[in-house]
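Undergrad: Provided below are the primary sequence and the corresponding predicted coordinates.
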Amino acid sequence: MSQTRKIKILIITDTRVSGLGGSEKHIRFILDNLDLLTFEFHVAEFQGADSLKTKNDILEEKTWPNVSLIKLDVKRIYGTGALKALFILSRIVRKEKIDITISFHEKSDIINALLFKNKQGKPVKISSRRDMYICPSSFLLNLRKLLSPFYDYITAPCKAILDKVSEIENFPEDRMHVIHNSVDTSFYVPNDKTFLSSHKKAITGKYKIACIGNLKEVKGHRYLLEAFSIFLNEFPESQLLLVGEDNGSENDIINQIKNLSLNKSVFLLGGRTDISSILQECDFIVSASLSEGLSNALLEGLSCGLPIIATDVGGNREIVMDGTNGFLCRPANSAEMADKMLHLCHNCDLFEFSKKSRKMACLKFSTGQLLESYNAFFQKFQI
């Protein structure tokens, strides 16, 4: 890129940058990898300067010396905290001569839309959409749609999200861009021993299956547990590992495990930072999500060379080549998910599926690909 000064970018997010979620990983990638000789970053978090650290804060100690971090307390978009945030961020935009603002999540999107522009039409406003319109309230959803014309661009990690934006908000297609999530293919790597022996598992019936995702209703754990119960009838020594923080569904999941007599086969591992090690011990990964953007968990499984069984929602179709590196099934359909899992183990060469997953991760979703996408995207602004 050629410009006379650094491109100044303000990132606005509802959550802590130190969290375990997909958008947090995405923001950290931007801060870690985009050239600081070309870009200058300011980051505004809406979690409050004095809010308590949570179990999801894994990078509280990490700092970026050249990044300005602004902590703002925005509990409700119609509260005094939001008005204060709007005032503070507007002042920063003017004082620092911000070129681009990028917002993640609903409250941040709304504040971003309301920021004033200068006579040069800056800042360029970008809304980064991460999911298929899972909004905490109809009020926020309607306000977000109302303010959609104020964004210059909308980006998303998969085409399915942008198709939904086009349908609901009638946003111009030429101002929407897919910027895929990425996975560190040098860190999430196959375990060679598991990789080479996985095709023999049908003989012993001892499959180890991973499901990575916080415990909340939209992740569809109830349907996965029903499917796994059916799967166990043919492979009774198998295990299902559920990895993720409790977001309100843990008690229901525990009760269902008891009711289905899965206590010795299903393991709740909680939120973990050693996902790579867990995936390397598994034979395939499953996602029963009822709605999804572009799943970081599935990308990590892909990079570890795992076959994938996933619901046909959101961007899963961009990760799973049906019948080549895994299978897609309808959401909220336990019987069909069980059938796909059994078909994978009975009729498919897991070794070949694994190789296809790893190849796709390296060619399409590597960190290098994401870096190229962002650099190419920002070139549009000719700053």
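TA: Arrived safely. Numbering: from 1, shown residues only.
Undergrad: part of a strand, is I12?
TA: Yes - applying DSSP: H, G, I helix; E, B strand; the rest coil, one finds I12 inside a strand.
Undergrad: What's the separation between it and L114?
TA: I12 is 11 Å from L114, where distance means Cβ to Cβ, to the nearest Å. Placement of C-beta: from N, CA and C, glycine included.
Undergrad: Same drill for the two, tell me which one is more crowded.
TA: The neighbour count for I12 versus L114, taken as other Cβ atoms under 10 Å, is higher for I12 (28 against 15).
Undergrad: I figured that one hits I92, correct?
TA: No - contact between I12 and I92 fails when scored by Cβ atoms under 8 Å: they sit 10.4 Å apart.
Undergrad: Mind listing the shared neighbours of the two?
TA: With contacts taken as Cβ atoms under 8 Å, 6 or more residues apart in numbering, I12 and I92 have A44 as neighbours in common.
Undergrad: Could you pull up the residues touching L279?
TA: 188, 210, 212, 285, 300-301, 304, 306 are the contacts of L279 under Cβ under 8 Å, 6+ apart.
Undergrad: Recalculate using a threshold of 10 Å.
TA: Under the criterion of Cβ atoms under 10 Å, 6 or more residues apart in numbering, the neighbours of L279 are 188-191, 194, 210, 212, 241, 243, 285, 297, 300-306.
Undergrad: ditto for R5
TA: 38, 40, 97, 99, 383.
Undergrad: Any stretches of the stretch 101-250 of the chain with poor pLDDT?
TA: Within the stretch 101-250 of the chain, the segments meeting pLDDT under 70 span 135-136, 193-205.
Undergrad: all helices of it, in order?
TA: Here the stretch 101-250 of the chain has its helices, by DSSP state H, counting those that start in this stretch, at 106-114, 138-147, 159-169, 192-197, 201-204, 221-232, 250-259.
Undergrad: Flag every buried residue along the first one.
TA: Using 16 or more other Cβ atoms under 10 Å as the test for burial, helix 106-114 gives 106-113.
Undergrad: other SSEs contacting it?
TA: Secondary-structure packing of helix 106-114 (3 or more Cβ pairs under 10 Å, 6 or more residues apart in numbering; DSSP states H and E): strand 7-13, strand 39-45, helix 80-96, strand 100-104, strand 124-128, helix 138-147.
Undergrad: May I have the second one exported as PDB, CA atoms only?
TA: These are the backbone C-alpha positions of strand 39-45, laid out as PDB (Å, rounded to 0.1, in the frame of the first residue of the first chain):
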ATOM      1  CA  PHE A  39      -1.500   1.000  10.400                       C
ATOM      2  CA  GLU A  40      -2.200   2.700  13.800                       C
ATOM      3  CA  PHE A  41      -4.800   1.000  16.000                       C
ATOM      4  CA  HIS A  42      -7.100   2.300  18.700                       C
ATOM      5  CA  VAL A  43      -9.400  -0.300  20.400                       C
ATOM      6  CA  ALA A  44     -12.600   0.500  22.400                       C
ATOM      7  CA  GLU A  45     -14.100  -2.200  24.600                       C
END
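Undergrad: Mind listing what's buried along the helix or strand following it?
TA: Downstream of strand 39-45, the first helix or strand assigned by DSSP states H and E is strand 68-71. Judged by neighbour count using 16+ other Cβ under 10 Å, the buried positions of strand 68-71 are I70.
Undergrad: And the contacts of strand 68-71?
TA: Here strand 68-71 makes contact (Cβ under 10 Å, 6+ apart) with 10-12, 16-17, 31, 40-51, 63, 85, 88-89, 92, 96.
Undergrad: Next, the angle from the helix or strand hosting L268 to helix 221-232.
TA: L268 belongs to strand 266-270 when assigned by DSSP H and E. Relative orientation of strand 266-270 and helix 221-232, computed by axes from the mean of the first three to the mean of the last three Cα atoms, to 10 degrees: 140 degrees.
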